[in-house]
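1. I'd like to go over a predicted model; first the sequence, then the structure.
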Amino acid sequence: MSDNIKVVVKVRPLIKREIDQKLFYQWRINNNTLYQIDRRGKDVGPSFTFDKVYDTTTKTEDVYNDVVKNIVEAATRGFNGTIFAYGQTSSGKTYTMRGTNKVPGIIPLAVLNLFDTIKNIPDRDFVVRVSYIEIYNESLIDLLNLRNTVRIKKTHSGVKLFTTEKVTVTPEEVLELMKKGNVNRHTGSTHMNKKSSRSHSIFQITIESRVHIEGAEEVDVVNVSLLNFVDLAGLERSGETGATGLQFKEGTHINKSLSVLGLVFKQLSEDQNKHVNYRDSKLTRILQNSLGGNSKTSIICAVTPAAVKETISTLQFANRAKTIKNTPAENLVATSSTMIQSLTQEVSSLKTELEIKKRLELNLHKDNCNLQEKLANLQRLILDSFDQNRNPDMISNARRKLHQPRRATISTLHTIQEE
Ligand SMILES: Nc1ncnc2c1ncn2[C@@H]1O[C@H](COP(=O)(O)OP(=O)(O)OP(=O)(O)O)[C@@H](O)[C@H]1O
């Protein structure tokens, strides 16, 4: 397994729906290799080997210890980290990331581990901030405040999300925020999954730390790192999910952004100097730093044992992902001077935004003047038709005034009305 990008496969047990439909295990696992089998257990198709393949008895905690724990702990030392759950609809991604009341998922395990690790680093002061967004039909939604608008901006350290961030001091607070966000997520019932995620979600934890100096007024060095937990919506085929109408539209967006993700993975695994289509979807744009960038990354591919086509497609994706090379850098240390540089850049981009808004306002003002002028002309026409039988001198006087320059239009109109 590469140290910087780890790709593992997790096979979930058959679920009630599949048992009721008399579906059976189409895969057997031996020595981290998946073999396609028929109903009698005979090998019939392709096989796929990975560094780690977890069978149906594996606990999420084992996966956590193998491929997530070290990323969370490195985040307390200033490394960025990203954990993806990828797989077809109903393969167990949300179960793995979030867990249930009885079985904790990757996020709760990470949160507990994070606060434990921090507690054991007494010479640094930590600030932990949490945000939670979803990408629904290519729109960004702030799951911690649905009225907020989420923006993506390029900063000197990479692409940054501007969304609600809550400072938290206990694991319970973080998990409360996760629960609050989960309630706001778009889900729907399909033939494949009673509670299917209709969006990609990104649970972000920002960890900031500085050396603890008793009585010190000013701190010069700050480490900032970002942990992303990405629960991807599942690749789906409308024929199997029974999606129509809005669900069909959602499925189209999900599939499109996943195919951009697949393309980005392909490009990253082929040639490091090639153009990479990060900008083709919000998902890849936001996660640009975690894909072939400055991040330690683990991809957990969830597969259902009763599917063949979708499982093969997930395993092919996992194969490609293995070859991506990330370059996590240790120097994620922001000194006060780099922070000033970053803040200056942000100020300058906000100034540009303000300029654009001012120009828009000016254009709106011009439009407004044009409309007022049109209104005056229309009122002139109305006056003409009503006043045909009135004093001809008064009418020609009014006409003369109406043909004066535009700025005078409104006052002219008032004069005419007074006359
Ligand atoms: N390891 C497991 N053990 C038992 N049940 C599981 C396991 N993994 C998943 N399940 C069950 O399988 C079903 C589908 O799981 P889940 O909702 O996590 O899939 P998903 O991949 O997130 O689907 P979607 O993409 O449609 O949101 C759920 O009922 C879940 O409880």
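-> That came through fine.
2. only C-alpha atoms for contact and neighbour calcs from this point on.
-> Will do.
3. helix/strand/coil for the one residue in the stretch 251-400 of the chain that gets nearest to the ligand?
-> At 6.9 Å from the ligand, Ala302 is the closest residue in the stretch 251-400 of the chain, using CA to the nearest ligand atom. At Ala302 the chain is in strand, as set by DSSP: H, G, I helix; E, B strand; the rest coil.
4. quick one: contacts for it?
-> 9-12, 85-88, 91-93, 314 (CA atoms under 8 Å, 6 or more residues apart in numbering).
5. near the ligand, from these?
-> 12, 91-93 (CA under 6 Å from any ligand atom).
6. and the stretch 1-150 of the chain, which of its residues are near the ligand?
-> Close to the ligand, as judged by CA under 6 Å from any ligand atom, the stretch 1-150 of the chain has residues 12-13, 15, 89-95.
7. got the residues you listed as JSON lines, with secondary structure and pLDDT columns?
-> Below are these laid out as JSON lines (DSSP: H, G, I helix; E, B strand; the rest coil; pLDDT from 0 to 100):
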{"residue": "Arg12", "secondary structure": "coil", "pLDDT": "95"}
{"residue": "Pro13", "secondary structure": "coil", "pLDDT": "95"}
{"residue": "Ile15", "secondary structure": "coil", "pLDDT": "93"}
{"residue": "Thr89", "secondary structure": "coil", "pLDDT": "87"}
{"residue": "Ser90", "secondary structure": "coil", "pLDDT": "89"}
{"residue": "Ser91", "secondary structure": "coil", "pLDDT": "93"}
{"residue": "Gly92", "secondary structure": "coil", "pLDDT": "94"}
{"residue": "Lys93", "secondary structure": "helix", "pLDDT": "94"}
{"residue": "Thr94", "secondary structure": "helix", "pLDDT": "93"}
{"residue": "Tyr95", "secondary structure": "helix", "pLDDT": "96"}
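8. any of those residues buried? List them.
-> Using 16 or more other CA atoms under 10 Å as the burial test, those include 12-13, 89-95 as buried.
9. how about the strands in the stretch 101-250 of the chain?
-> 124-136, 139-142, 151-155, 158-162, 166-168, 187-188, 196-197, 200-211, 221-231 (DSSP state E, counting those that start in this stretch).
10. so which elements touch the fourth one?
-> To tie it back to what came earlier, the one meant is strand 158-162. Under the contact criterion of 3 or more CA pairs under 8 Å, 6 or more residues apart in numbering; DSSP states H and E, strand 158-162 touches strand 151-155, helix 282-286.
11. comparing those by mean pLDDT, which bottoms out?
-> Looking at these, the lowest mean pLDDT belongs to strand 151-155 (a mean of 86).
12. which strands or helices does it pack on?
-> Checked by 3+ CA pairs under 8 Å, 6+ apart, strand 151-155 has strand 158-162, helix 336-386 packed alongside it.
13. quick one: the last one to strand 221-231, angle?
-> This means helix 336-386. Angle, helix 336-386 to strand 221-231, by axes from the mean of the first three to the mean of the last three CA atoms, to 10 degrees: 60 degrees.
14. ok, the shortest one next?
-> Strand 158-162 runs at 70 degrees relative to strand 221-231, counting by the same axes, to 10 degrees.
15. got a list of contacts for strand 158-162?
-> 150-154, 285-289.
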